[in-house]
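Q: model the following, please.
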Amino acid sequence: MTEVVIVSDAAAGGELAARAVLAALDTRPDAVLGLATGSTPLPVYRALAELIGRERRDVSRVGAFALDEYVGLPADHPQSYRSYVAREVTGPLGLDPRLVHVPDGDPERARTAGEEYERAIEAAGGVDVQLLGIGTDGHLGFNEPGSSFASRTRVKTLTERTRRDNARFFTTPDEVPLHCVTQGLGTILRARHLLLLAFGASKAPAIAAAVEGPLTASHPASAVQLHPHATVIVDEPAASRLANLDYYRHAWANKPAWQGI
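A: Okay, here's the model as predicted:
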């Protein structure tokens, strides 16, 4: 059963996830992080920046790989994920930009971008901790419903629902790109620890389907049920549709301290 942790709010969830990342750095100073984008992981990055500064952590050897990138947005576009990662992660955390990777969204190189990204992840030793958000339709990264659980990094066509959901970051909905490069579900599942975060009532149906629903490509996030070390961190509204809510609370409250998160 996937571990589910219910927290009071997004800030508490962000700090809990940040502590899990720091625990990975305690084990491996050159750990590789998997970076989600959007609004959900922002509390994690803010908590990490504070903790790294307060504890004077050396993160000079830490690597990172972003989950995805739009195809066709200039790298310096404010809504490109390359810009997001530089703005929200690399700078605030003090990571070495040379060790931080984002898929190549240049249309001229899109055909080979997935294969090249897979090779880079493998050369880095794989991802130690992968941060994830979840779409209202259950997508992980930009793996839309119907994505294979064995899929690798590749170009995908975004659904109109995803484009509508992301339109709030753009001036008009028509500006949201139609294509992206995204890590596949198979790529994500190779990470050593998955941290899936969700906050707010709008994510409750997707979380319930991911954690307790059938294992199905129609709900890509259900793939977390296949992972040996997946942690789902949710606030009360996002947890409201979970049938086993009382058990998740009981299990977390009585978890042996040595197991960590």
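
Q: now do the strands in the stretch 1-150 of the chain.
A: With DSSP state E, counting those that start in this stretch, the ranges of strands along the stretch 1-150 of the chain come out as 3-7, 32-35, 63-66, 68-70, 100-101, 129-132.

Q: once you drop chain neighbours, what's closest to G38?
A: Leaving out its chain neighbours, the residue that sits closest to G38 by C-beta to C-beta, 6 or more residues apart in numbering is G133, at 5.5 Å. Any C-beta I mention is one placed from the backbone N, CA and C, and that applies to glycine too.

Q: for A206, see how far away that neighbour is.
A: As judged by C-beta to C-beta, to the nearest Å, G133 and A206 stand 10 Å apart.

Q: overlap in contacts, those two.
A: Common contact partners of G133 and A206 (C-beta atoms under 8 Å, 6 or more residues apart in numbering): A198.

Q: next SSE downstream of the one helix or strand in the chain whose mean pLDDT sits lowest?
A: Ranking every helix and strand in the chain by mean pLDDT, DSSP states H and E puts helix 160-166 at the bottom, with a mean of 86. Per DSSP states H and E, helix 160-166 leads on to strand 179-182 as the next helix or strand towards the C-terminus.

Q: quick one: residues in contact with the helix or strand just after that next one.
A: Where DSSP H and E defines the elements, the next helix or strand beyond strand 179-182 is helix 185-189. With C-beta under 8 Å, 6+ apart as the test, helix 185-189 has contacts from 34, 67, 118, 121, 130, 132, 140-141, 143, 147-153, 194, 220, 223, 226-227.

Q: touching, L132 and L196? I think so.
A: Yes. Counting by C-beta atoms under 8 Å, L196 is a contact partner of L132 at 4.4 Å.

Q: give me the more crowded residue out of these two.
A: L196 (26 against 23; other C-beta atoms under 10 Å).

Q: can you pull the buried residues of the helix or strand encompassing that one?
A: Element membership for L196, per DSSP H and E: strand 193-198. Neighbour counts using 16 or more other C-beta atoms under 10 Å place 193-198 of strand 193-198 among the buried residues.

Q: redo those as JSON lines? Include pLDDT.
A: As requested, those are exported to JSON lines (pLDDT from 0 to 100):
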{"residue": "H193", "pLDDT": "98"}
{"residue": "L194", "pLDDT": "98"}
{"residue": "L195", "pLDDT": "98"}
{"residue": "L196", "pLDDT": "98"}
{"residue": "L197", "pLDDT": "98"}
{"residue": "A198", "pLDDT": "98"}
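
Q: of all those residues, which comes closest to Y45?
A: L197 (11.4 Å; C-beta to C-beta).

Q: low-confidence ranges, this structure, go.
A: Judged by pLDDT under 70, the chain has no weakly predicted residues.
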